[in-house]
Each structure stands twice: as C-alpha cells, then as structure tokens.
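Engineer: With the sequence up front, the predicted model follows.
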Amino acid sequence: MTDLGMEVRAVIALGASTGGPAAVSAILRDLPLLDTCAVLVAQHLPESFTGAFAERLNRESEWPVCEARDGMRVEGGHGYVAPGGRRTEVYAQGARLVCAVRPPDETDLYLPSIDALFASVAALRGVRVVGVLLTGMGRDGVEGLRAIREAGGYAIAEAAETAVVDGMPRRAREAGWVDEVVPLDAIAARLARVCEAGR
C-alpha cells in the first residue's frame, strides 16, 4: 500500500458500546485538537442516532466532528462517527484516507462494527494508529484491537474501574492484546502524548 502524505500522521480509533456515548464525549472534550491526527468513532447506536451523536461531539469539543459518508476524505484535525446500521472502514486512496460506508456483512453482529473499523485502520501504512476499546458488552472490537497491535499500532483498553460495562475491554485485556490499560479520565492525555511524540 502506498505510504500516506503528511496531512494525517496519526489515526485514533475509538470503539464503544453500552455507556460509550458519555465516554467518547469525555475523551473528545479533553483531547486537544491535533492538526495531523484524525479521530474515528465506532459507537454501537441505531442508524437514526449516530448523526445526532456526531453533532453532539462537534458541539462539545474542539474537534470538528461529522457522521462519516461513503467516499468522504479523512482529514487531520477532524473526527468521524461511523453511521449506525452500516460497516465503516477506512482505506488509502493514493496519499489520501477515505471512508468506505457499506451494508453490513453477515458476520457483523453489532453495528457499526468496531472490528471492521479497527481492522481497516490496522492495514494503513505511513500513519501511527492507536486503537481504544471502551465500555461495552460482548466481544466487538477485541479482534480489531488485536489487528492494530499486531500491525505495530498501539492498543489501549479502558480500565475496569471506569467502564460502565467491562465486557469488551476485559476480553481484550484477558487475551493479552492490550499495550496499556487506562482509566477514562486519563485516556485523552495519553492519546495526545502517543500521537504527538510516539509511545
């Protein structure tokens, strides 16, 4: 795959389910705007709710946030929320990053699929990738976090004491696919350090 240009040097991928909207909102409120970093969010929500969720994040943080659309260019200093009821992935198109929003696969038990988003960013070359698995039930995002880690990215799981439901993060921790376990109120600062200066 072609290495990417300098516009997007880092990608933060956040995955969450139950309790996630408040957690994602808290992270983006505390995360300083990073001009060369893009934030991608896969939050389990119905199709009719993800647009409003993106608007809420846009209002409550420094980050310009919108709902991802098929073919939309991913830019540094912006956030993108995966639409409900769909599978959202990111791929390289020349020196650009582009969103692909598609109907779900038969294997997608939860939507938007955290695993699909995480696996797609794990395959990117020329950018630092950080995956964060937040509160939620089930296993979505666990395999995707593994893909990020195995591709040389950085894998963070929310700490049990701050997760509303410690299902997805716990499974990732137990599987050993996590570089660091971080409480919710410290995740934004950790992300800023990782994206600006490496690990």
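Structural biologist: Received, thanks. Numbering: from 1, shown residues only.

Engineer: C-alpha from now on. contacts and neighbour counts both.
Structural biologist: Noted.

Engineer: so where is this protein shaky, pLDDT-wise?
Structural biologist: Low-confidence segments of the chain (pLDDT under 70): 1-6, 197-199.

Engineer: do that again at 50, thanks
Structural biologist: 1-6 (pLDDT under 50).

Engineer: Strands of the chain, start to end?
Structural biologist: Using DSSP state E, the strands found in the chain span residues 10-16, 37-43, 65-67, 73-74, 78-81, 87-93, 96-102, 128-133, 154-158, 180-182.

Engineer: could you dump those strands to a markdown table with mean neighbour count?
Structural biologist: Output for these, formatted as a markdown table (neighbours: other CA atoms under 10 Å):
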| stretch | mean neighbour count |
| --- | --- |
| strand 10-16 | 26 |
| strand 37-43 | 26 |
| strand 65-67 | 22 |
| strand 73-74 | 20 |
| strand 78-81 | 24 |
| strand 87-93 | 22 |
| strand 96-102 | 19 |
| strand 128-133 | 26 |
| strand 154-158 | 27 |
| strand 180-182 | 17 |
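
Engineer: how about JSON lines for those strands, with distance to residue 141 added?
Structural biologist: Below are the strands of the chain laid out as JSON lines (distance: least, CA to CA, whole Å):
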{"stretch": "strand 10-16", "distance to residue 141": "7"}
{"stretch": "strand 37-43", "distance to residue 141": "9"}
{"stretch": "strand 65-67", "distance to residue 141": "20"}
{"stretch": "strand 73-74", "distance to residue 141": "21"}
{"stretch": "strand 78-81", "distance to residue 141": "15"}
{"stretch": "strand 87-93", "distance to residue 141": "13"}
{"stretch": "strand 96-102", "distance to residue 141": "18"}
{"stretch": "strand 128-133", "distance to residue 141": "7"}
{"stretch": "strand 154-158", "distance to residue 141": "10"}
{"stretch": "strand 180-182", "distance to residue 141": "15"}
